[in-house]
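> I'll drop the sequence and a predicted model, then ask my questions.
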Amino acid sequence: MNRRDLLVIGAGPAGMAAAAKAVKLGLTVTVLDEQPRAGGQIYRDVERAAKARGAMLGKDYVYGASLAAEMRESEIEYLSGSIVWAIEDGFRVSYTRDGSGAQIEADRILLATGALERPMPLPGWTLPGVMTAGAGQILLKQSGVLARRAVLVGTGPLLYLIAAQMVRAGTPPLALVETQTRSDFIRATRHLGGALRGWRYLAKGLTMLAAIQRAGVPRFTGATDISVEGQDRAEAVVFTCAGREHRIECDTVFLHHGVVPNVQAARSLDIPHEWRADQACFVPQLDGWGESPVAGVFIAGDGAGIGGAKVAEIAGRLAVLKIAEAAGRLSVKERDQRAAPLRRMIRRELAARPFLDLAYPPFAGALAPVDETIICRCEEVTAGDIRSAAKLGCLGPNQAKSFSRAGMGPCQGRYCGLTVTTLLAGANGQTADQTGYYRIRPPLKPVTLGELAAMSVTEPVGKE
């Protein structure tokens with residue numbers, strides 16, 4: 001069985017940067033990536049799409065092509081279309097590729113699995129025609145498909161980015177229905193100093209808002225009581241704003257109120273996590289290099305806490321310095337000298353994050369939905385089902401599986417986990433840390449008997 005110095009799981013900005021840096025430091029590296037081409041979510045399919053749609057998607061997206069090229073031109077074993085479904089003791093990793101299972105071993109692992117878009121369960125969110133804003137971006141990046149007669153609902157800078165891209169593509173959204181309030185902005189001003197240090201982010205946001213305004217796209221802020229109407233598909237968004245009820249007829253609804261770390265792989269390794277109130281999610285416990293309490297397992301990028309693409313890239317390079325030092329490729333002095341400028345860059349990039357987290361909080365109406373709202377789409381479990389389970393003595397998400405089957409579908413709780421934690425914490429008068437999260441076991445992703453039967457314990461080494 002192949003054994004590598006470093007196995008990187010994920011080829012977003014953190015994974016690409018880390019892999020390329022590791023090879024330069026003399027490490028043997030394999031990258032397992034679910035996608036057919038490198039880039040992750042933020043730079044999805046960037047080498048191909050940047051050439052065809054770079055002007056529409058913007059220069060921040062096009063920048064990702066340089067990371068993908070750096071990785072492609074390095075002596076890296078890049079295995080695209082690889083779905084990791086188990087990480088065992090000794091860092092033996094099982095994955096599926098091209099219809100068959102395979103295994104690989106490594107001395108150290110870097111989890112660069114990125115973020116998940118936070119689900120926004122609202123009445124009507126399961127109707128055809130309703131999708132996450134991130135899904136809308138996937139259509140745009142990979143296929144150049146833009147929804148017409150769309151309404152963007154939620155909060156956060158990603159809504160402005162997508163709206164601006166739609167404007168540049170000539171199909172502006174019908175409206176932006178935003179949930180952040182003036183009070184949120186006032187609370188965020190205590191971090192205004194940091195926001196000004198990260199002025200580049202503010203400048204980008206103001207530029208996007210100006211383009212949206214010039215295009216005549218209506219904006220509604222402080223929206224509440226949001227629902228999607230329709231029989232067989234989405235037909236309209238209904239909401240209350242400034243004391244008035246509004247109804248906007250549409251064909252497509254994009255929902256977004258933030259992204260959260262993808263923690264499934266980390267939790268399968270029993271890496272401890274803690275609740276971050278500012279981001280309303282769990283994050284893994286890591287040291288200053290991104291190493292977890294499970295020695296040899298590192299996490300970089302948004303999977304370690306939401307910081308954005310640039311922070312993810314820098315964090316990937318930073319983690320590799322510690323990995324290279326542990327492997328005898330760098331002295332401690334060399335490691336620390338190379339790390340110093342990277343740490344300064346991360347501080348600068350994160351300066352605006354506290355302001356953004358407070359100015360654009362998740363929508364309270366989706367964190368704790370009304371009883372009739374489905375929160376686990378796989379098993380069609382409602383918020384009321386979870387609250388009823390709490391009344392019967394259910395204290396945590398693992399018990400909720402027995403009471404309701406929430407978290408037992410194909411996604412294995414990726415999209416309902418935080419909602420179940422929040423609902424149970426509220427119903428039982430506990431904190432999120434006390435309530436906890438699902439216990440994650442392999443397989444992390446569905447795997448068929450046919451794929452297991454075709455399992456190979458060796459995989460040819462070499463660039464793809």
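In hand now; what should we look at? Predicted model only: the values in this text are computed from it and were never measured.

> For the residue nearest the centre of the chain, give me its contacts.
Central residue of the chain (C-alpha atoms, centre = their mean): A115, 1.6 Å from the mean position. By C-beta atoms under 8 Å, 6 or more residues apart in numbering, the contact list for A115 reads 41, 259-262, 301-303, 306. For glycine as for every other residue, the C-beta is placed from the backbone atoms N, C-alpha and C.

> can you check P446 too?
85, 410.

> Just to check, W85 is in contact with L444?
Yes: at 4.9 Å, W85 counts as touching L444 under the criterion of C-beta atoms under 8 Å.

> related to what we said a few turns ago, tell me the bridge partners for the residue nearest to the centre of the chain.
Beta-bridge partners for A115, by DSSP bridges, are P261.

> what about the helices in the stretch 251-400 of the chain?
Taking DSSP state H, counting those that start in this stretch as the criterion, the stretch 251-400 of the chain carries its helices at 264-268, 309-326, 332-350, 353-359, 364-367, 383-391, 397-404.

> low-confidence ranges in the chain?
1, 456-464 (pLDDT under 70).

> max-length strand in this protein?
strand 100-111 (DSSP state E).

> What is that one packed up against?
Secondary-structure packing of strand 100-111 (3 or more C-beta pairs under 8 Å, 6 or more residues apart in numbering; DSSP states H and E): strand 3-9, helix 13-24, strand 29-32, strand 92-97, strand 297-299, helix 309-326, helix 449-453.

> And for G129, nearest residue in space, chain neighbours not counted?
Using C-beta to C-beta, 6 or more residues apart in numbering and skipping residues adjacent in sequence, the residue nearest G129 is A234, 3.5 Å away.

> I meant I323, not that one.
In space, I323 is closest to R108, 5.4 Å off (C-beta to C-beta, 6+ apart).

> For that neighbour, give its distance to M166.
Applying C-beta to C-beta, to the nearest Å, the value for R108 to M166 is 42 Å.

> One more: H257?
Taken as C-beta to C-beta, the span from H257 to M166 is 19 Å.

> again, but for V93
Distance from V93 to M166, by C-beta to C-beta: 39 Å.

> C378 is in contact with S404, isn't it?
No: applying C-beta under 8 Å, one finds C378 not in contact with S404, separated by 11.5 Å.

> Looking at these two, which one has more neighbours?
S404 (21 against 18; other C-beta atoms under 10 Å).

> which residues touch the more buried one?
So S404 contacts 376, 379, 381, 385-386, 389 (C-beta under 8 Å, 6+ apart).

> The residue nearest to I323: what's it in contact with?
By C-beta under 8 Å, 6+ apart, the contact set of R108 is 5-7, 91, 296-298, 323, 326-327.

> related to what we said a few turns ago, looking at the contacts of S404, which two lie furthest apart in space?
Spanning the widest gap among these are E379 and A389, at 12.8 Å by C-beta to C-beta.

> more crowded one of these two?
A389 (23 against 18).

> Skipping its backbone neighbours, what lies nearest that one in space?
That would be F403: by C-beta to C-beta, 6+ apart, it lies 3.7 Å from A389.

> Tell me how far that neighbour lies from A390.
F403 sits 9 Å away from A390, going by C-beta to C-beta.

> Who has more neighbours out of those two?
A390 (22 against 16).

> Surely the more buried one and N428 touch.
Yes: look at A390 against N428 with C-beta under 8 Å: they come within range, at 5.5 Å.

> ok, the closest residue to P157 other than its chain neighbours - how many residues close by?
Using C-beta to C-beta, 6+ apart and skipping residues adjacent in sequence, the residue nearest P157 is G205, 5.7 Å away. Around G205 there are 16 other residues, counting by other C-beta under 10 Å.

> Please report the distance of G205 from A175.
In terms of C-beta to C-beta, G205 sits 18 Å off from A175.

> What segments of the stretch 151-300 of the chain are strands?
175-178, 219-220, 224-229, 236-241, 244-249, 252-256, 259-261, 273-276, 281-284, 297-299 (DSSP state E, counting those that start in this stretch).

> Remind me what the second one packs against, helices and strands.
Applying 3+ C-beta pairs under 8 Å, 6+ apart, one finds that strand 219-220 makes contact with strand 175-178.

> Neighbours of the residue nearest to G129, how many?
Neighbours of A234 under the rule other C-beta under 10 Å: 23.
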